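A.B. asks: model the structure of this input:
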Amino acid sequence: MKKKVIIHSMYLKNMDSFIDYYKKNGLDKWIKLIKIESGKSKISTDYIKKIYYTLFRNYDAIVSDYPTTLLENKKATSIAMGHGTAIKRFPSTAELKHKKNLKLSKTVKSADYFVTTSDRQNNLEYRNPILDQYSNNEYISLGLPKNDYYFDEKNVINTNKKIREKLGFLDNQFIVVYAPTWRDFKSGNERITKNDLIKINKLLKELNGYLIYRPHPLGGTFDGDILEELKLENIIPSSSIDIDLFETLCISNALISDYSSIAIEYLPLKKPVLFFLFDQEEYEVERGIEFDYLDSSISPGVVVKTVDELINELNNVIENKYQDSYWVNRRKICLENHYKYPDGKSAERIWKLILKELT
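C.D. replies: Just a heads-up that it's a prediction; the model follows:
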């Protein structure tokens, strides 16, 4: 009888390399892979599968990048991981004060293994006195399957070519992605205004550049409807183009972010990063930050606090002033510090762990 391995994710594309390894190495001959995308609606097949395996627990191993009670099966090998890499405190102390969030986090701590990208992250993710008292995890820095995508240089080049052609972008047009994280608190700081967007758009037009605004699904730093109202030609909401996050990052020439793990996910692409931290002090108090933006060994980008600073550095980025030897080497060092194995073989290492456990 085949062994059963569950792969559980909010977004199954994050697990593409894990699934590909299974197919390419003939594991289907003795392992049945059960895929569950947790973000699907309650009437979906995935939801029914999740309920079935939660009730009957007849599986031999599970890999999940999102909290789930499926990890609590003591008869199965359970491997948990985050769907990103900690920059902000995750989970925050405030989140753990809510029973539902604490319960979800405890499912992660019940897993046999917790997978990270580096030994540094072993001390950060799902680590605090509240959670560690429930911990059953052995932390192992094997890497996250979702990041394997960006280490395949040929794949990145092909994706860039295909998606630029699809969207009508030329090779010489500079594309910046702005991907801020969600603020789960009401900020007292002024975010980006209409006038700010008009000034940014003016610069982009002058330099033959475009900005794709890709906020967190729960909210960004300005209302995307403003872009529809202003009809700015060079600032594009991601909701208006049919491409996923992987494709968005592959066509980009640079990234603007803040406390999101996307800045670490971006490192294998070896491109410039700007950190727009207009509310850093407030965010530190409300959420917590596990990242020193001034440490050149872990922070791959320039910090800006105001829109004027952002516009100035955006100009520098488009003019390729962050492609000199200092910044190329700094990003390389950061990559090596955030990825114990910067090789795109995370899925292979996780499968080897599973096979060792099953045999």
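A.B. asks: near Gln78, how many other residues are there?
C.D. replies: Quick fix: residue 78 reads Ser, not Gln. Neighbourhood size, Ser78 [other CB atoms under 10 Å]: 27. The C-beta positions use only the backbone N, C-alpha and C, and glycine is treated the same way.
A.B. asks: could you grab the helix/strand/coil label for the nearest residue to it once chain neighbours are set aside?
C.D. replies: Excluding its sequence neighbours, the residue lying closest to Ser78 (CB to CB, 6 or more residues apart in numbering) is Ala111, at 4.1 Å. Using DSSP: H, G, I helix; E, B strand; the rest coil, the structure places Ala111 in coil.
A.B. asks: I figured Ala111 hits Ala80, correct?
C.D. replies: Yes. With contact defined as CB atoms under 8 Å, Ala111 counts as touching Ala80 (3.8 Å).
A.B. asks: for Asp112, phi and psi?
C.D. replies: phi -70, psi -40 (degrees, to the nearest 10).
A.B. asks: quick one: contacts for the closest residue to Ser239 other than its chain neighbours?
C.D. replies: Leaving aside its sequence neighbours, Ser239 sits nearest to Gly224 (CB to CB, 6+ apart; 6.4 Å). Counting by CB atoms under 8 Å, 6 or more residues apart in numbering, Gly224 touches Tyr213, Pro215, Pro237, Ser239.
A.B. asks: ok, Gly224 to Ile241 distance?
C.D. replies: 13 Å (CB to CB, to the nearest Å).
A.B. asks: kindly report the same for Cys250.
C.D. replies: 13 Å.
A.B. asks: when the two are compared, which one has more neighbours?
C.D. replies: Taking neighbours as other CB under 10 Å, Cys250 and Ile241 compare with Cys250 leading, 22 against 15.
A.B. asks: which of the helices or strands spans that one?
C.D. replies: Secondary structure from DSSP states H and E places Cys250 in helix 245-251.
A.B. asks: helices and strands around that helix, which ones?
C.D. replies: helix 145-151, helix 153-167, strand 174-178, helix 262-265 (3 or more CB pairs under 8 Å, 6 or more residues apart in numbering; DSSP states H and E).
A.B. asks: please redo it, this time with the cut-off set to 6 Å
C.D. replies: Counting contacts by 3 or more CB pairs under 6 Å, 6 or more residues apart in numbering; DSSP states H and E, helix 245-251 is packed against helix 153-167.
A.B. asks: what helices or strands is the helix it packs on leaning on?
C.D. replies: So helix 153-167, by 3+ CB pairs under 6 Å, 6+ apart, packs with helix 245-251.
A.B. asks: the helix it packs on - what's its average pLDDT?
C.D. replies: For helix 245-251, mean pLDDT rounds to 98.
A.B. asks: outside of it, which residues touch it?
C.D. replies: Helix 245-251 is contacted by residues Tyr149, Val156, Thr159, Asn160, Ile163, Arg164, Ile175, Val177, Arg214 when judged by CB atoms under 6 Å, 6 or more residues apart in numbering.
A.B. asks: parallel or antiparallel, list what pairs with the next helix or strand after that helix.
C.D. replies: As assigned by DSSP H and E, the chain's next helix or strand after helix 245-251 is strand 254-257. When pairs are called by DSSP bridges, strand 254-257 turns out to pair with strand 174-178 (parallel), strand 273-276 (parallel).
A.B. asks: CA atoms only for strand 254-257, dumped as PDB, please.
C.D. replies: What follows is strand 254-257 as a C-alpha-only set of coordinates in PDB (Å, rounded to 0.1, in the frame of the first residue of the first chain):
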ATOM      1  CA  ALA A 254      14.000  46.500  -8.300                       C
ATOM      2  CA  LEU A 255      11.800  46.100  -5.300                       C
ATOM      3  CA  ILE A 256      10.300  48.600  -2.700                       C
ATOM      4  CA  SER A 257       9.100  47.000   0.500                       C
END
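A.B. asks: Ala76: which of the contacts of helix 245-251 is nearest?
C.D. replies: Tyr149 (27.2 Å; CB to CB).
A.B. asks: what about the closest one, distance to Ala179?
C.D. replies: Separation of Tyr149 from Ala179 (CB to CB) stands at 16 Å.
A.B. asks: cool, and Glu247?
C.D. replies: For Glu247, the distance to Ala179 (CB to CB) stands at 13 Å.
A.B. asks: is Ile62 in a bridge, and if so with what?
C.D. replies: The partner residues for Ile62, given DSSP bridges, come to Ile6, Ser78.
A.B. asks: that one contacts Thr69, doesn't it?
C.D. replies: No. Counting by CB atoms under 6 Å, Ile62 stays clear of Thr69, with 10.5 Å between them.
A.B. asks: between those two, tell me which one has more neighbours.
C.D. replies: Ile62 (27 against 15).
A.B. asks: next one, pLDDT for that one please.
C.D. replies: pLDDT at Ile62 comes out at 98.
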